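1. Return a 3D structure for these sequence lines:
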Amino acid sequence: MIVAKNLSKSFKNIKAVDDVNFCIKKGEVVALLGPNGAGKTTLMRLLTGYLQQDSGEVSVYGFNIAENREDALRKIAYVPENAPLYPEMSVYEYLRFAGSQRGLENDDLNINLAEAASQMQLSSVFNQRIDTLSKGYRHRTAVAGALIHKPRILILDEPTEGLDPNQKQDMRAFIRHYGEKNIVIVSTHIMEEVENVASRILLMNKGKLISDTTPVSLQNLYPDKNMSEAFRLMTSEK
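-> Numbering: from 1, shown residues only. Alright, predicted model coming up:
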């Protein structure tokens, strides 16, 4: 599981994350929602150790990320929006590099590499240079690189950005499947995606966690509205 306890982070006079608390368990796909500037990206960076919190703590399967960073990060993968890649590498070379950075060698590296490539359907571009790929294939390569060590917690920022309609459906199916035995946290602005993949919603606004709910419960708060309108009303009221 991943636990955030009294988690806060400020940038000068801006409270980006303000006393946030939650616990996410194995088998949950959680949508992280909020308007621009709500603190979603800062929260994801705190959960993955990219940023150091001002107060509070994050624990990952019992490991405090500040005190046991290496042990905690073995269990996490994070794919930011427009994830950086090495354009001169082929997809295969990049995945081998990603695996080696995670300490994989020999058979373990080859097996995990093949599985990650299969999960993201990369066989047709396996030996192609990354700088020649479409945006959709570049994004799928980044996700495959994150999957190389079989993380128990997968955090995805706008996971269907740049994908065509068929690729979006494939990615959403993957998220649902991966979340059955692991934890997936998805930051997205697409309400259709929330309804399609999420079992739970963490709704943020102005750095605060204003609701920990489900897609059905969120929509039922405003039964005459769709989910997009419910989201708009909740975040505009705070």
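2. Rounded mean pLDDT for stretch 71-82, please.
-> Average pLDDT, stretch 71-82: 91.
3. What of stretch 88-104?
-> Per-residue scores along stretch 88-104 average to 95.
4. For residue 91, what are phi and psi?
-> Residue 91 adopts backbone torsions of phi -60, psi -50, taken as degrees, to the nearest 10.
5. is it true that it touches residue 130?
-> Yes. Between residue 91 and residue 130 there is a contact under Cβ atoms under 8 Å: 6.6 Å. Every C-beta, even on glycine, is put in place using the N, C-alpha and C of the backbone.
6. These two: who's more crowded?
-> residue 91 (26 against 19; other Cβ atoms under 10 Å).
7. how near is the more buried one to residue 117?
-> Residue 91 sits 7 Å away from residue 117, going by Cβ to Cβ, to the nearest Å.
8. Mind listing the shared neighbours of the two?
-> Listed as contacting both residue 91 and residue 117 by Cβ atoms under 8 Å, 6 or more residues apart in numbering are 126, 144.
9. Return every residue with contacts to both of residue 91 and residue 130.
-> By Cβ under 8 Å, 6+ apart, the residues touching both residue 91 and residue 130 are residue 141.
10. OK, contacts around residue 52?
-> 46, 66.
11. What of the one 5 residues further on?
-> Residue 57 makes contacts with 4, 5, 6, 7, 64, 65, 66, as judged by Cβ under 8 Å, 6+ apart.
12. If we use 10 Å, what do you get?
-> Applying Cβ atoms under 10 Å, 6 or more residues apart in numbering, we find residue 57 in contact with 3, 4, 5, 6, 7, 46, 64, 65, 66, 67.
13. what helix or strand does it sit in?
-> Take DSSP states H and E as the rule and residue 57 turns out to sit in strand 55-60.
14. Give the partner strands of whichever helix or strand comes after that strand in its sheet and their orientations.
-> Using DSSP H and E, the helix or strand that follows strand 55-60 in sequence is strand 63-64. Strand 63-64 has the following sheet partners, assigned by DSSP bridges: strand 55-60 (antiparallel).
15. Return the set of buried residues in the strand it pairs with.
-> Using 16 or more other Cβ atoms under 10 Å as the test for burial, strand 55-60 gives 56, 58, 59, 60.
16. Kindly report the same for stretch 201-216.
-> 201-211, 213, 215.
17. Secondary structure class of residue 16, three-state.
-> strand (DSSP: H, G, I helix; E, B strand; the rest coil).
18. Next one, pLDDT for it please.
-> In this model, residue 16 is scored at 96, pLDDT.
19. Ignoring the adjacent residues along the chain, who's closest to it?
-> residue 42 (4.1 Å; Cβ to Cβ, 6 or more residues apart in numbering).
20. Residue 9 is in contact with that neighbour, correct?
-> Yes. Using Cβ atoms under 10 Å, residue 42 is in contact with residue 9, at 5.6 Å.
21. Give the residues shared as contacts by the two.
-> In contact with both residue 42 and residue 9: 15, 16, 17, 20, 51, 53, 207, using Cβ under 10 Å, 6+ apart.
22. Just name whatever secondary elements whichever strand or helix holds the residue nearest to residue 16 is in contact with.
-> Counting by DSSP H and E, the element that carries residue 42 is helix 40-47. Helices and strands touching helix 40-47, as assessed by 3 or more Cβ pairs under 10 Å, 6 or more residues apart in numbering; DSSP states H and E, comprise strand 2-11, strand 14-24, strand 29-33, strand 55-60, strand 76-79, strand 153-157, strand 183-187, strand 200-205.
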